[in-house]
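J.: below is the sequence, then the predicted model.
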Amino acid sequence: MTNNNRNNITYIYLSHFLGIVSMIALAICVLLFQHYQEETNLLREELSHLQTQCMATNPLMNDHDTMVRMKTEDNNLTGGLLQQQEYQPVLDSLLRATTQQQQPKAAQAEIAVGNNNNGRQLQISTSSFTFASEFGVVGDGTADDTAALQAALDSASNDDSGGIVILPAGVFFTTSRLQIPAGVTLQGQGYGSSPLSWQGDAGSSTIAYCGTDYAIGMNGHNAEVKHVAIYDYDQNGCVHNAAGGIILEAHQGLLESVLVNNVLLLLFTEGVGLHLKATSQGGIAYANFQNVRIRQAKRGIALEAETGSFINSNTWLAGAISSSGAGAAEVGIIVNATGACNENIFYGMVVDLVTSDLAHVYVEGSKTNLKLVNARLEGIDQPIDRPLVKIHESSYGNEMTGSLGHSYVDGNLNRNPGIRFMEKTTVGLDPLPQNQFWNAAFKGYDATTNSLPGWSITTNANLAISTTEEPLYPDHLVLDVQYLGYGGVFKLQASGLPPVPGHDHCTFGIYAKSTVAGSISAAMRYTSGSITSSASHAGDGEWQFIGMTSLYDKSAPSFYFSIDGNVQLTAPTLVFGKAPATPGGSLISSSGARMAGTLSYGMATSRSSCPNWVLPVNEGNVFNMDLQGDPTGCTITTINESAADRFPKGSTITLLFSEAGTRVQSNLHLKLKGDFVSSVNSALTLMSALQGNAEW
């Protein structure tokens with residue numbers, strides 16, 4: 001064999017060998033790639049499993065502050081893949097951190113995973129919170145969880161753990177009141193699938209209270225309860241006997257900024273669903289209640305402040321109070337206080353009780369009122385003689401809008417004009433804003449006698465009608481008052497005001513301009529008999545409306561402007577009822593009128609024929625008589641004799657004659673002292689005497 005042949009054979013064997021090696025290498029690469037792909041999928045599965053466990057064990061994953069986040073700069077997991085031994089300990093560490101297995105307080109933590117060449121990074125951030133499960137709660141509806149739950153709450157309060165106490169899903173049996181400390185939040189997982197009855201499902205958290213006290217108490221600022229059901233338990237040997245669900249108590253101090261959110265209060269048939277109570281100079285303010293659902297309670301919401309205490313400026317957003325059977329409820333909302341209890345506002349509240357023993361809404365107390373905005377009150381079986389809303393005579397200033405079905409409002413609506421339900425069973429009252437000052441234009445001032453029609457004035461001021469100041473309203477003069485500085489304040493007081501016992505409120509005021517601070521205020525006698533006054537003028541030299549609205553003493557009404565400085569005045573106004581002021585007009589109504597200004601009648605030209613003259617109806621009260629060039633040939637014996645043309649009884653008309661010789665005959669239809677014969681530019685005034693007859 002030649003060398004060339006040997007070389008060829010060697011080359012062939014070498015080529016085959018290299019081909020085999022290449023195939024083996026390719027097979028190894030494929031196996032390695034499959035291995036890495038399996039590792040990638042495993043990592044993804046591990047991360048997905050971790051996230052699922054975090055969502056299940058850490059409720060904050062479902063809140064706005066997500067406690068676990070992944071930051072990936074390069075999503076290509078096939079590059080720079082961590083080995084199993086690198087990421088498995090990290091995953092275990094993360095799982096321990098998110099389930100809080102090792103320590104009761106989850107401190108702030110940042111755990112970075114795998115800063116590799118591709119920049120892939122997994123970060124975990126946890127916030128301070130407390131898990132009730134770490135304190136031994138069971139949540140099976142049988143074991144007593146009272147001590148364990150209170151220990152978790154106290155731990156959060158003492159900064160031993162996070163301020164948010166996480167209550168897992170379960171039924172937590174309690175036998176005494178849980179007290180939520182100041183600044184601590186008790187947060188559950190929701191109250192289940194139904195707001196109508198307790199189901200204990202859908203991963204819900206339920207406080208099942210068995211006792212005669214309140215299930216939960218809140219007496220510290222910024223305490224919060226949310227996403228739980230609170231149940232007057234009737235299992236495990238218990239009966240419905242609790243005093244109530246949640247109580248906010250302020251005793252000898254202030255309680256503010258408490259929050260109750262997304263809470264179901266169920267079956268407190270012998271007590272109060274939600275109770276706010278202030279005693280011994282205590283006060284509750286700025287609390288907020290959102291989507292509070294109260295079902296089958298004897299009293300839904302109760303506000304109670306004793307003398308010297310207050311419950312003011314608290315807000316309810318949405319929510320509902322309901323019952324499903326007759327006799328189940330005494331009252332939906334009750335505000336009964338001898339102390340101050342006002343400016344508590346319910347937006348969009350529903351009180352849907354089949355019937356109530358007292359009323360759906362009951363308000364009592366001289367310092368007490370309630371505001372319901374866009375409320376819905378329903379009582380399908382409420383007796384027609386029992387009100388849905390009862391306002392005691394002592395309470396005033398209540399405001400209620402929305403819908404009211406079945407029954408009515410029992411209360412003095414003049415003292416509560418803000419109650420504006422408009423239904424077939426009841427309506428609100430809106431007083432007509434008529435100015436009772438009949439000489440609001442300040443006409444007819446006599447400087448010689450220092451007198452002004454319609455006004456009673458004292459002598460310790462000089463008055464004059466301004467000739468330089470521009471009036472604010474047409475035909476309204478400006479009165480200059482120069483205060484003389486002796487004899488006390490100068491009182492400008494209306495005379496001859498008509499009594500209006502049907503109204504309890506009064507609104508009055510006047511435009512004033514002064515450079516003297518405090519120069520004028522409005523004053524009136526309050527319902528108690530004492531004098532109360534408005535804010536005074538700022539003294540800035542500008543026009544300012546000085547006025548007030550209040551209950552007034554109907555037995556001895558007194559309204560006046562108290563002046564102790566130089567001031568200009570115009571357009572005074574007084575209206576009975578709680579209505580806005582109406583400067584710029586004087587009183588004239590269907591019930592009567594007095595005027596200091598000019599009353600102008602409508603005028604029309606009348607063309608007709610004798611003897612039966614027809615005036616145009618509804619075109620005026622004064623008529624120019626057009627005799628069409630023949631005044632002496634006309635004798636009028638009737639005016640508007642036809643029934644279709646007659647004027648209403650009491651109508652006054654004046655006939656103007658520019659020519660002489662027209663006769664108006666005295667007869668059964670025209671009852672004159674004698675025949676009237678016109679002279680040049682003469683007039684005859686007649687009044688319609690009988691309704692339905694053409695008699696003047």
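T.: Perfect, I can see it now.
J.: CA only for contacts and neighbour counts going forward, please
T.: Will do.
J.: quick one: the strands in the stretch 101-250 of the chain?
T.: 109-113, 120-126, 130-131, 140-144, 164-166, 170-174, 178-180, 185-187, 205-209, 214-218, 224-232, 244-251 (DSSP state E, counting those that start in this stretch).
J.: could you dump these into a markdown table with mean pLDDT, distance to Ile391 and mean neighbour count added?
T.: Below are these laid out as a markdown table (pLDDT from 0 to 100; distance: least, CA to CA, whole Å; neighbours: other CA atoms under 10 Å):
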| stretch | mean pLDDT | distance to Ile391 | mean neighbour count |
| --- | --- | --- | --- |
| strand 109-113 | 38 | 57 | 14 |
| strand 120-126 | 43 | 52 | 19 |
| strand 130-131 | 92 | 46 | 28 |
| strand 140-144 | 94 | 42 | 16 |
| strand 164-166 | 94 | 41 | 24 |
| strand 170-174 | 95 | 38 | 24 |
| strand 178-180 | 97 | 34 | 22 |
| strand 185-187 | 96 | 36 | 24 |
| strand 205-209 | 95 | 34 | 29 |
| strand 214-218 | 97 | 28 | 24 |
| strand 224-232 | 95 | 30 | 25 |
| strand 244-251 | 97 | 24 | 25 |
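J.: what would those look like in TSV with distance to Thr632?
T.: Formatted as TSV, the strands of the stretch 101-250 of the chain follow (distance: least, CA to CA, whole Å):
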stretch	distance to Thr632
strand 109-113	114
strand 120-126	110
strand 130-131	110
strand 140-144	110
strand 164-166	104
strand 170-174	107
strand 178-180	102
strand 185-187	100
strand 205-209	102
strand 214-218	97
strand 224-232	96
strand 244-251	93
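J.: any idea which of the ones you listed gets closest to Ile510?
T.: Ile510 lies closest to strand 244-251 among the strands of the stretch 101-250 of the chain, at 43.0 Å (CA to CA).
J.: work out the gap between that closest one and the centre of the chain.
T.: Computed by CA atoms, centre = their mean, to the nearest Å, the chain-centroid distance of strand 244-251 equals 23 Å.
J.: least trustworthy helix or strand in this protein by mean pLDDT?
T.: Ranked by mean pLDDT, DSSP states H and E, the weakest helix or strand in the chain is strand 68-72, scoring a mean of 36.
J.: so what's Asp232 up against?
T.: Asp232 sits next to Ala208, Tyr209, Cys210, Ala215, Val239, His240, Asn241, Ala242, Gly245, Leu266, Leu267, Phe268 when contact means CA atoms under 8 Å, 6 or more residues apart in numbering.
J.: at 6 Å instead, please
T.: Taking CA atoms under 6 Å, 6 or more residues apart in numbering as the criterion, Asp232 is in contact with Tyr209, His240, Leu267, Phe268.
J.: repeat for Phe173
T.: Gly141, Asp144, Asp145, Ala208.
J.: and it, what are its bridge partners?
T.: Taking DSSP bridges, one obtains Asp144, Ala208 as the residues bridged to Phe173.
J.: hang on, the earlier thing: so which of the strands of the stretch 101-250 of the chain comes closest to Thr532?
T.: Nearest to Thr532, of all those, is strand 244-251, at 31.3 Å by CA to CA.
J.: and the pLDDT at Ala441?
T.: With respect to pLDDT, Ala441 scores 89.
J.: so it is in which element?
T.: Under DSSP states H and E, no helix or strand contains Ala441.
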